[in-house]
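> Need a 3D model of the following:
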Amino acid sequence: MTGSLSVIGFGLSAIGGAIGVGLIFAAWISATARQPESAGLTRPMMFVGAALAEALALFGLLLAFIYSGG
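This next block holds a predicted model:
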């Protein structure tokens, strides 16, 4: 088997980021469905949460490149 184990680490971090973003958007849709008038207040919080979850996946990509030696 050839390759680097850092690819597996990046795959796991990408899965975690995808699950996190999915949960964030599902919670926002549920909150907006319950109280539509709060959509304007909760939308910026949703985008900040999604950005933070995606940042963790990008850190995983960065670490995959660092530990692969290239």
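> in the chain, what spans have low per-residue confidence?
The chain contains residues with pLDDT under 70 at 1-3, 69-70.
> Going by residue numbers, what spans are strands in it?
Counting by DSSP state E, the chain has no strands to list.
> Give me the buried stretch members for stretch 16-28, please.
Neighbour counts over stretch 16-28 (16 or more other C-beta atoms under 10 Å) mark 17, 20, 21, 24, 28 as buried. To be clear about C-beta, it is placed using only N, CA and C from the backbone, and glycine gets the same treatment.
> Just the CA trace of it, in PDB.
In PDB, the C-alpha atoms belonging to stretch 16-28 read as follows (Å, rounded to 0.1, in the frame of the first residue of the first chain):
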ATOM      1  CA  GLY A  16     -16.500  16.200  10.600                       C
ATOM      2  CA  GLY A  17     -16.800  19.600   8.900                       C
ATOM      3  CA  ALA A  18     -19.600  18.300   6.600                       C
ATOM      4  CA  ILE A  19     -21.500  16.900   9.600                       C
ATOM      5  CA  GLY A  20     -21.000  20.100  11.500                       C
ATOM      6  CA  VAL A  21     -22.300  22.300   8.700                       C
ATOM      7  CA  GLY A  22     -25.200  20.000   8.100                       C
ATOM      8  CA  LEU A  23     -26.200  20.200  11.800                       C
ATOM      9  CA  ILE A  24     -25.900  24.000  11.800                       C
ATOM     10  CA  PHE A  25     -28.100  24.500   8.800                       C
ATOM     11  CA  ALA A  26     -30.600  21.900  10.000                       C
ATOM     12  CA  ALA A  27     -30.900  23.800  13.400                       C
ATOM     13  CA  TRP A  28     -31.300  27.100  11.600                       C
END
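> Please compute how far that stretch lies from its chain's middle.
Offset of stretch 16-28 from its chain centre (C-alpha atoms, centre = their mean, to the nearest Å): 7 Å.
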